[in-house]
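>>> starting from these lines, generate the structure:
(one chain, ligands or ions: 2)
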Amino acid sequence: MGLFEVTGGKKLKGEITPQGAKNEALQVISAVLLSAEKITIHNIPDIIDVNLQIELLEGLGVAVERINRHTCIFDAANINIDYLASPVFRKMTGRLRGSVMLAGPMLARFKRAYVPKPGGDKIGRRRLDTHIIGFQKLGAEFAYDDDASFFLLKTLQLKGTDMLLDEPSVTGTANIIMAAVMATGTTTIYNAACEPYIQQLCKMLSSMGAKISGIASNMIVIEGVRELHGTTHTILPDMIEVGSFIGLAAMTQSDILIKNAGINHLGIIPEKFQQLGIQMNFIGDDIHIPEQEIYEAQTFLDGSVLTISDHPWPGFTPDLLSIVLVVATQAKGSVLIHQKMFESRLFFVDKIIEMGAHIVLCDPHRAVVIGIERKYQLKGIQMSSPDIRAGVALLIAALSAEGKSVIQNIEQIDRGYQNIDERLRQLGARIVRQ
Ligand SMILES: CC(=O)N[C@H]1[C@@H](OP(=O)(O)OP(=O)(O)OC[C@H]2O[C@@H](n3ccc(=O)[nH]c3=O)[C@H](O)[C@@H]2O)O[C@H](CO)[C@@H](O)[C@@H]1O
Ligand SMILES: C=C(OP(=O)(O)O)C(=O)O
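Residues are numbered from 1 along each chain as shown. Ligands and ions are numbered 1, 2, ... in the order given. So this is what the prediction gives:
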């Protein structure tokens, strides 16, 4: 297991460009299975999870031509369906959450899919009911193998139907959309997730010949078509990286320019950091975070303590709450962080408390952060990265802290952030990878 040795307390300066979005990449790369024609995808992030997803496709027989580090041409003309039942497929899918999204396209085009227990962040229960019930409503039969922990799905032909999802699951919605695009008849998915990742997937599928309306809303209507064609698609900048860099700049009192931030696709993200009192200037598609001594958390209009909580899009993404929590520790004022969706995503805060932050962990979902207003710096300590975003939150804390920190288990961070140490060193950060 690798580690970062971080010497904190240094202000950073310079420009940084976000990578392509991890969660979009995992969706659109899965969608290449829907066509026998070539599909080119640009701006693919070079990160562990996405590379694993590409390896899974190769195992299935997809020919992958890497034109450069961030562009691949996928050719899914010849697929080896038996690979789905192999132990190696099951083992690899257990390493990332995104692997679950191979099921929708496999079911649509090859009428068979296996859904093993996917991997991904260990942040509480992550059930797959929305996916499986959605497939079932489209006419797939499923059986669950208790011993091997996987769902086996098959169908003679998927048929369009109306469905109301029990929750707007991001990967669940993507899976059902990909299954429905080649079903017979019309499918209506109500209470659909509508994150930019889903919007982008729908745009790509439309350019392949799918008939989808309601994109960006919570009601998606899909008229099934017989087949889909090749296309070219470009992945958006990673909004979670953008949010992470805004938080990093504020916490370390740095002057940072986030280039090509995809501002039109950030939704409420900038506003949440502004509620923490963080200044930002929008220059074209770049975001400038000026060096800021003190940032003051707003209160609500009635004067009560600010709450920042997660919510399905267009609400605030849960993936940025760990970052917001850490940044709030140096704010002037208090903030209640309410992580509604996941049960175990706040457990890293004991480390931030050990570093000297004033936080009351009320229960697994809520933490009150009492900002210390830079009266003192956090202190460097030894810690381990429990999940991608908590890992980066710890990294931000370490970069702002006095002295040396060691962050272990950095493979968690590498799952979602491309060469993060190298890119932050270019801003002046003192990070050594070991
Ligand atoms: C590979 C990928 O794309 N992963 C993302 C995807 O995971 P993923 O698609 O797995 O997450 P889901 O959207 O299915 O649900 C996440 C969790 O939130 C709960 N839930 C969901 C909706 C809701 O209205 N109420 C609620 O409580 C679910 O029960 C579940 O525990 O979406 C999550 C939620 O944005 C993000 O954190 C993950 O980064
Ligand atoms: C939870 C996340 O990822 P995954 O769903 O892949 O575990 C994340 O990106 O923050």
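
>>> the stretch 301-434 of the chain against ligand 2: which residues are in contact?
Within the stretch 301-434 of the chain, the positions near ligand 2 by Cβ under 6 Å from any ligand atom are D319, I388, R389, G416. C-beta: built from backbone N, CA, C; applies to glycine.

>>> just the residues you listed that are near ligand 1?
Contacts with ligand 1 within these, counted by Cβ under 6 Å from any ligand atom: D319.

>>> ok, stretch 19-27 near ligand 1 or not?
Yes. With Cβ under 6 Å from any ligand atom as the criterion, ligand 1 is reached by stretch 19-27 at N23, L26.

>>> quick one: end-to-end length of stretch 191-210, please.
The stretch stretch 191-210 measures 20 Å between its terminal residues, going by Cα to Cα, to the nearest Å.

>>> actually stretch 202-215, not the one I typed
Using Cα to Cα, the end-to-end distance of stretch 202-215 comes out at 7 Å.

>>> gap between S254 and ligand 1?
If you measure S254 against ligand 1 using Cβ to the nearest ligand atom, to the nearest Å, the figure is 26 Å.

>>> then A77?
For A77 relative to ligand 1 (Cβ to the nearest ligand atom), the value is 27 Å.

>>> not counting sequence-adjacent ones, nearest residue to that residue?
Excluding its sequence neighbours, the residue lying closest to A77 (Cβ to Cβ, 6 or more residues apart in numbering) is A36, at 4.6 Å.

>>> what's the helix or strand harbouring F74 packed up against?
Assigned by DSSP states H and E, F74 belongs to strand 71-75. Packing contacts for strand 71-75, counted by 3 or more Cβ pairs under 8 Å, 6 or more residues apart in numbering; DSSP states H and E, involve strand 38-42, strand 63-68.

>>> ligand 1: which of those strands is closest?
With distances scored as Cβ to the nearest ligand atom, the stretch of the helices and strands packed on strand 71-75 nearest to ligand 1 is strand 38-42 (16.2 Å).

>>> list the buried ones in that closest one?
By neighbour count on 16 or more other Cβ atoms under 10 Å, the buried set for strand 38-42 is K38, I39, T40, I41.

>>> show me the contacts for the last one.
Contacts for I41 (Cβ atoms under 8 Å, 6 or more residues apart in numbering) come out as A25, V28, I29, V32, T71, C72, F74, T232, H233, T234, I235.

>>> tell me how far it lies from A25.
Distance of I41 to A25, computed by Cβ to Cβ, to the nearest Å: 8 Å.

>>> same list, the residues of the stretch 301-434 of the chain next to ligand 2, but as CSV with secondary structure, pLDDT and neighbour count please.
CSV is the format used below for those (DSSP: H, G, I helix; E, B strand; the rest coil; pLDDT from 0 to 100; neighbours: other Cβ atoms under 10 Å):
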residue, secondary structure, pLDDT, neighbour count
D319, helix, 98, 25
I388, helix, 94, 25
R389, helix, 96, 28
G416, coil, 95, 27
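
>>> what about V62, neighbour count?
21 (other Cβ atoms under 10 Å).

>>> same check on A216?
14.

>>> quick one, what contacts it?
When contacts are counted by Cβ under 8 Å, 6+ apart, A216 touches C194, Q199.

>>> could I get the phi/psi values of it?
Torsion angles at A216 (phi, psi; degrees, to the nearest 10) stand at phi 80, psi 0.

>>> show me the helices in the stretch 51-200 of the chain, by range?
With DSSP state H, counting those that start in this stretch, the ranges of helices along the stretch 51-200 of the chain come out as 87-93, 103-110, 129-137, 170-180, 196-207.

>>> of the ones you listed, which is nearest ligand 1?
Taking Cβ to the nearest ligand atom, helix 170-180 is the member of these nearest to ligand 1, at 3.3 Å.

>>> let me know the angle separating the closest one from helix 129-137.
In terms of direction (axes from the mean of the first three to the mean of the last three Cα atoms, to 10 degrees), helix 170-180 departs from helix 129-137 by 10 degrees.

>>> for helix 170-180, packing partners?
Using 3+ Cβ pairs under 8 Å, 6+ apart as the contact criterion, the elements in contact with helix 170-180 are helix 22-31, helix 103-110, helix 129-137, strand 186-190, helix 196-207, strand 219-223.

>>> does that helix come close to ligand 2?
No. Among the residues of helix 170-180, none lie within reach of ligand 2 under Cβ under 6 Å from any ligand atom; the closest is 7.2 Å away.

>>> what about that helix, near ligand 1?
Yes. For helix 170-180 and ligand 1, the contact criterion (Cβ under 6 Å from any ligand atom) is met by V170, T171, G172.

>>> now pLDDT and neighbour count too, for those residues, in a markdown table please.
As requested, these are arranged in a markdown table below (pLDDT from 0 to 100; neighbours: other Cβ atoms under 10 Å):
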| residue | pLDDT | neighbour count |
| --- | --- | --- |
| V170 | 98 | 22 |
| T171 | 97 | 27 |
| G172 | 98 | 27 |
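
>>> and which of these is nearest ligand 2?
Of all the residues of helix 170-180 next to ligand 1, ligand 2 sits closest to T171, with 7.2 Å by Cβ to the nearest ligand atom.

>>> looking at it, the closest one is touching L96, isn't it?
No. Taking Cβ atoms under 8 Å as the contact criterion, T171 and L96 are not neighbours in contact, 10.9 Å apart.

>>> common neighbours of these two, please.
L26.

>>> tell me which residue in the stretch 251-400 of the chain sits closest to ligand 1.
Closest residue of the stretch 251-400 of the chain to ligand 1, Cβ to the nearest ligand atom: M341 (3.2 Å).

>>> no further queries at this time; thank you.
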